[in-house]
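Enquirer: from the sequence below, what's the structure:
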Amino acid sequence: MSLHRNYNIIKAIKNIDIREVVENELGVKLPDKRRPQIICPFHNEDHGSFTIFPETNSFYCFGCGAGRGGSDTIAFIEKLKGWERKEAFYYLKTHYLKNFDISENHQYEETIFEEKRLSEDLLEWLKNRGLTEETIARFGLTCFEDKNSNRWLGIPIFNESGKIVNFKIRRDPIKEDPNLVKYKWLKAGTKQTLFPINCIDYENEELYLVEGELDAILLHQEGYNSLTNTGGGTTLWKDEWIEIVKRFKKIYLIPDRDESGEKWKRNLLEKLEYVHNDIYIIEIPFGKDVTEFYQKGGDLRDLLNNGQVKEISKSFKTIKEILKTEYNEPSFLINKLIPHPSLTVISGYPESGKTWVILGLAKSIAEGSFFLIEDFKAEKGNVGIIEEENGEKELQRRFKMLNFKEDLPIFVLSQKGLKIDDKKIIEFLLEEAEINKIKVLIFDPFIAFHSLSENSAEEMQRVMECFSEFQKYGISVIFTHHHRKQLGWTKSAPSQALRGSSVLFGRVDCHLAIEKKKELDNGNGFEVVVIQEKLRNGKKIKPFELRIFENVDGFMEFQYLGEFQEEKLKIEKAKEIILNLLEEGSKTKTEIINVLIQENIGQRTGENALKELIESQKIKAQRVGKQKIFELKKDDELSLLELT
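Expert: Purely as a prediction, here's the structure:
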């Protein structure tokens, strides 16, 4: 292992004060200025054009272009001595890091990346994105190569003191190999931060927030105080970052022109709208982001000068404003079934098949395939399953039975004891979701993820607020929940049957109730009815029947059986009521029909329900005088009396 591949040494050498190195190597005293300039050591000149950028520990000469392709301390020694980069690296280590001890205070970590000078084609790519050679040098943009000879564009990430804390690296933007992730960190596990926090001018009254590092760099070049979050557009904005942003009088948000840009804007407004008075949205009219806007001839000054800036108002909107607003069509995770981003509950009694259903949904989303039928097309995305009930061994069994492939983008946290009403847990899950690009989080079961009372409206409101945090970052949440226990012979409608406070039904965007109808005769599966009890934005679909069974190959299969007809639904409800009623003892036909009428079920439906129960040998009937008496059928009874 070569020392120049050790992350901590790379960071330490790049953080050697370039002012100290220049003064020592050239034997000069730098002027006490924010950005000192001296006579360039690399070409003849009368006026100093060799410039030091202390905030990014870099250099650039406006006369000869020294710093082009490399502007850190290593590049300075390399050019000054006429050495290879490796020789310059070792020179700096032995002369300026004499007390650097890997065994103390630093973990000795090998990386698979080796730093290289920026090649001409990467320089041209950056310049085509509007960055000047001075800016490229000032921000220390560099290049890394991995063990497979893949190039990565390196962006140094600084702390407020201008010290490098990590490198965010981007796959080769010229080759754009789709088999490589687009971005990664040189050192894994680094906390996200604001970039470039070391270049911010706090005396400036304005701050411009953008989505990407290169966008922020470009705006600094153009004279704008700009920041981005290194975690990406949908990452959680931390409270301490908001405190920094609040220090500025005016805040401008410039979202990218895509779905993630809308989410980024919405997330930031959630944090800022009620803690700051002057927030403005700049909607770029063309190009996908700030950089492309400038590439195509745009200029932020034109938008600012022409009033193409939207002020965020806290006042009431008029009917006219609302009617004129163009709102986006609702989007779906599973077409017609589960909206996105949304909060969805899948409920049912114990052993009704809820877990099989959520795993089937997870597989369809991860594959981007149909769930059951073409109408239920899934939007492809990564899935996070957080479960407390089954454990990894049982999940493994079910994954195998559902024929899950190893490369499915599904991530699992099993029996970790996570409580969603803990703010730290939410932040942890949001970070994990960002790292793994998760589109939907599935929690199974609801009761395991909080420590509050389900019957308390106030406490359930708090839990639902916690779940709603994920929606702000474009992540859908699906959780399973049980129905409340039945009292007496009547059975609540699924919308009223959710266990706990009615807040649960009120806060969700979608409610799918699962009702188990029967076990298959061969014992290899069962049938359920799926009822969409609620869909906040859109028209509810009709209930449908679903068969879940083990096929001849030993895999669990889902089969769509069609819409569940309303009359059939009423008969099923009547059958449930009759069975519960007969638990109390035998009843006459008149008594049964009277109870059903109280539940808005007509006599004809009631008679059909009685007939089906007799045919399925669940109940029996006998005449006593002029009355027909019904009672539950015992297992050892074989005779059947038909209803006439």
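
Enquirer: quick one: low-confidence residue ranges for the protein.
Expert: The model of the chain has pLDDT under 70 over residues 1-8, 98-113, 188-191, 232-236, 307, 313-315, 328, 485-496, 635-644.

Enquirer: the strands in the stretch 251-400 of the chain, which residues?
Expert: Counting by DSSP state E, counting those that start in this stretch, the stretch 251-400 of the chain has these strands, from start to end: 279-281, 310-311, 331-334, 338-340, 343-348, 370-371, 373-377, 382-387.

Enquirer: list the contacts of A574.
Expert: Counting by C-beta atoms under 8 Å, 6 or more residues apart in numbering, A574 makes contact with 596, 599, 601, 605-606, 608-609. Backbone N, C-alpha and C define where each C-beta goes, glycine included.

Enquirer: T588 versus that one, what's the distance?
Expert: Counting by C-beta to C-beta, to the nearest Å, the separation of A574 from T588 is 16 Å.

Enquirer: for K317, same thing?
Expert: From K317 to T588 the distance is 61 Å (C-beta to C-beta).

Enquirer: now P341
Expert: According to C-beta to C-beta, P341 stands 54 Å off from T588.

Enquirer: I155 now?
Expert: 81 Å.

Enquirer: of the two, who's got more company?
Expert: Neighbour count, other C-beta atoms under 10 Å: between I155 and T588, I155 has more, with 23 against 13.

Enquirer: who does that one bridge with?
Expert: Beta bridges link I155 to K168 when assigned by DSSP bridges.

Enquirer: spit out the contact partners of it.
Expert: Counting by C-beta under 8 Å, 6+ apart, I155 makes contact with 139, 141, 167-170, 195, 213-214.

Enquirer: hmm, 10 Å instead?
Expert: 139-142, 166-170, 183, 186, 195-196, 212-214, 217, 230 (C-beta atoms under 10 Å, 6 or more residues apart in numbering).

Enquirer: quick one on the thing from earlier: could you redo the strands of the stretch 251-400 of the chain as CSV and give each row mean neighbour count and distance to H482?
Expert: Output for the strands of the stretch 251-400 of the chain, formatted as CSV (neighbours: other C-beta atoms under 10 Å; distance: least, C-beta to C-beta, whole Å):
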stretch, mean neighbour count, distance to H482
strand 279-281, 18, 43
strand 310-311, 10, 46
strand 331-334, 21, 22
strand 338-340, 22, 20
strand 343-348, 25, 7
strand 370-371, 20, 23
strand 373-377, 14, 25
strand 382-387, 22, 15
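
Enquirer: which of the ones you listed sits closest to L632?
Expert: Evaluated over these, closeness to L632 peaks at strand 343-348, with 23.9 Å, by C-beta to C-beta.

Enquirer: which neighbouring elements make contact with the closest one?
Expert: Contacts defined by 3 or more C-beta pairs under 10 Å, 6 or more residues apart in numbering; DSSP states H and E place strand 343-348 against helix 354-367, strand 438-444, helix 457-471, strand 476-482, helix 494-497, helix 503-507, strand 510-519, strand 525-535.

Enquirer: in its sheet, what does the fourth one sit against?
Expert: Strand 476-482 has its sheet partners listed here by DSSP bridges as strand 343-348 (parallel), strand 438-444 (parallel).

Enquirer: what's the neighbour count on S616?
Expert: Neighbour count for S616, taken as other C-beta under 10 Å: 12.

Enquirer: over to the one 4 residues further on?
Expert: K620 has 18 neighbouring residues, counting by other C-beta under 10 Å.

Enquirer: give me the neighbour count for the residue nearest to it when sequence neighbours are not counted.
Expert: With sequence-adjacent residues excluded and distances taken as C-beta to C-beta, 6 or more residues apart in numbering, K620 is closest to K633, at 4.6 Å. Residues within reach of K633, counting by other C-beta under 10 Å, total 20.

Enquirer: how near is K633 to G606?
Expert: To G606, K633 is 18 Å away according to C-beta to C-beta.

Enquirer: for the protein, which helix is longest?
Expert: Across the chain, the helix with the greatest residue count (assigned by DSSP state H) is helix 566-582.

Enquirer: next, the angle strand 525-535 makes with that helix.
Expert: 110 degrees (axes from the mean of the first three to the mean of the last three C-alpha atoms, to 10 degrees).

Enquirer: buried sites along stretch 125-137?
Expert: Neighbour counts over stretch 125-137 (16 or more other C-beta atoms under 10 Å) mark 125-126, 129-131, 133-137 as buried.
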